[in-house]
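Chemist: dropping the sequence and predicted coords here.
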Amino acid sequence: MIPPEAKGLCSDAIPSLSPAVSFCAPNTLQVLRKRADFLRAASARRQGSQGFMLQARARDDNSAAVRVGFTCSKKIGNAVARNRAKRRLRELARAVLTVEGHPGWDYVLVGRPNATIERDYAHLLSDLRTALTRIHGQPDAARK
RNA sequence: GCGGAUGGCCGGAUGAUCGCGUGUUUGGCGUAGUCCCGUAAGGGAAACCGCCAGAUGCGAGGAAAGUCCGGACUCCAUAAGGCAAGGGUGCCGGGUAACGCCCGGCUGGGGUAACCCAAGGGAAAGCGCCACAGAGAAGAGACACCCCUGCAUGUCAGGGGAAUGGUGAAACGGUGGGGUAAGGCCCACCGCAGGCGUGGCAACACGGCUGGCAUGGCAAGCCCCACCCGGAGCAAUGCCGAAUAGGGACCUCGUGCAGGCGCUUUCGGGCACAUGCAGGGAUGCCUCAGCCCAGAGGUCCGGGUUGGCAGCUAGAGCGCGUCAGCAAUGGCGGGCCCAGAGGAAUGGUCAUCGAAGGACGGAAACGUCUGGAACAAAAUCCGGCUUACAGGCCAUCCGCGCAA
RNA sequence: UGGGGCGUGGCCAAGUGGUAAGGCAUCGGUUUUUGGUACCGUGUACCGUAGGUUCGAAUCCUACCGCCCCAG
């Protein structure tokens, strides 16, 4: 599951992704905070999967940082369910995007009712990897 | 043993590994200012701050929820008191910072009982409403009727009456006995009203006397009475940065230019006044370029702000002992420190144990396999209320059954 | 976090204690060769849920549920 080059980098990782996520990674992740960033990511490329939906865009600024945002609406359930869904998505981002995320991109993970909480964690990992490869394989004119 | 009542408590456990927030501490790195060395370039120092790493402490709830009450705190304000409006509370006493909360009691109702439930002041201050039905729905009335008298024996006249019938949620006290032409009426008890006595702080209870039936219901209709309430809310509020930046309007003084009037003159000009204009001036020939001035004070208005810090957690705090009290609660003593986030931390994965439920085997006890735990997550803090909740534990009490 | 508002047939809605108007839509009929239009008729409401007050509740009171709006 874990790419071999990531294992050796655990000791000197720089975890700037604030919430509780168990992984060590070579890239730093920043958290999206502005609503405008979310809207821009949502209007760019998107790719659904069974456990969540992935939205992404290339920022076209000089920064190489990988930025991540999480969206869990009220459709998912009450506050307990929403927090739980966000935590699982953070764990996914920590495990995959730090290694396979493209520098200078913004990613937004959107939780889905039931699936994000109930789907097996290993399946979620493979979901995110396939979604990433598909989203970077899309042509540039992928706006809907 | 079965069924129930009340009060209290818990809210999956253990471990491995990878992580998150925050406090303390150690180390490393960094820089503006400061200090020291050096002629200088520069070098060095330690505190704060920032980043990183290590160690270590702590890290969601009984409801954190709904936002229904009450406060603390902050600002606006003056609201000390009175009045008015609006809102709230409503048996009595106590507790409390306060409450619509809690405790104890009273009254009424429910239950065999333990016990539970109740917005439970005032309807002789006034207004309003009481549909349909019914004769009549609130200071009375008489539909069907009942009784007496008269003689013209009737679908009659006069008089007495309100017991009976029907309607309705409710019909002007109820029941029984006596009496009467029928009744009013009289008596007893119950209810009601008004005094009195005893007990109680009081709500109220008990006893007895008098009256002689008057006073229908609704105040979660308006209202009356008593008491309480200024408004807004941590997205409150304060500070720092951007920034003593910058836009607009007006006023006063001033600046420059223009022409005007007055005074004065060495005829170049100077001084003073009001008006108009707003960019102007000087240097170099012009374009153009650079330079200088474009000020001071006051009043008012609009726009932008998605940065940071504080408020932000030691408190009406938690548990222990003791004393007062039936209790809620309070006093005293000593102990403890127990989340502070901000697109929002308290988690991910795995292993073991594990409740309900399901399947199989078995007469049953039970065994094996499966299954994998309710409601619900702090957002300034606190006291309550309400609502949601798998399963479990403890104590006291009641009824029934069995045994002695 | 705080403040405010609303729930009535499928949809829009009136109704402020006395047994739920109206319009659109649906359905049936007439007119028309047929459809549309027009006209006539018809059904559809435990008034968001649960308690309470009252003889009687969509209406009054209380508690819940759902939805919407506002703010620096």
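Modeler: It's in. Residues are numbered from 1 along each chain as shown, chains lettered A, B, ... in the order given.
Chemist: when you work out contacts or count neighbours from here on, use the C-alpha atoms and nothing else.
Modeler: Noted.
Chemist: in what helix or strand does the closest residue in space to A:Lys75 that isn't next to it in sequence lie?
Modeler: Among residues not flanking A:Lys75 along the chain, A:Pro113 sits closest, at 6.2 Å (Cα to Cα, 6 or more residues apart in numbering). Per DSSP states H and E, A:Pro113 falls between elements, in no helix or strand.
Chemist: ok, A:Pro113 touching A:Ile76?
Modeler: Yes: using Cα atoms under 8 Å, A:Pro113 is in contact with A:Ile76, at 4.3 Å.
Chemist: identify the contacts common to the two.
Modeler: Common neighbours of A:Pro113 and A:Ile76, using Cα atoms under 8 Å, 6 or more residues apart in numbering, do not exist here.
Chemist: quick one on the thing from earlier: got the contact list for the residue nearest to A:Lys75?
Modeler: By Cα under 8 Å, 6+ apart, the neighbours of A:Pro113 are A:75-77.
Chemist: show the buried residues in those residues.
Modeler: Among the contacts of A:Pro113, those buried by neighbour count (16 or more other Cα atoms under 10 Å) are A:Ile76.
Chemist: got the contacts of A:Pro113 as JSON lines, with pLDDT and secondary structure columns?
Modeler: Converted to JSON lines, the contacts of A:Pro113 look like this (pLDDT from 0 to 100; DSSP: H, G, I helix; E, B strand; the rest coil):
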{"residue": "A:Lys75", "pLDDT": "74", "secondary structure": "helix"}
{"residue": "A:Ile76", "pLDDT": "77", "secondary structure": "helix"}
{"residue": "A:Gly77", "pLDDT": "75", "secondary structure": "coil"}
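Chemist: looking at the contacts of A:Pro113, spot the one nearest A:Ile117.
Modeler: Nearest to A:Ile117 among the contacts of A:Pro113: A:Ile76, at 9.1 Å, using Cα to Cα.
Chemist: so how far is RNA strand B from the residue nearest to A:Phe52 when sequence neighbours are not counted?
Modeler: By the measure of Cα to Cα, 6+ apart, the closest residue to A:Phe52 outside its immediate chain neighbours is A:Gly111, 4.9 Å from it. A:Gly111 sits 11 Å away from RNA strand B, going by Cα to the nearest atom of the strand, to the nearest Å.
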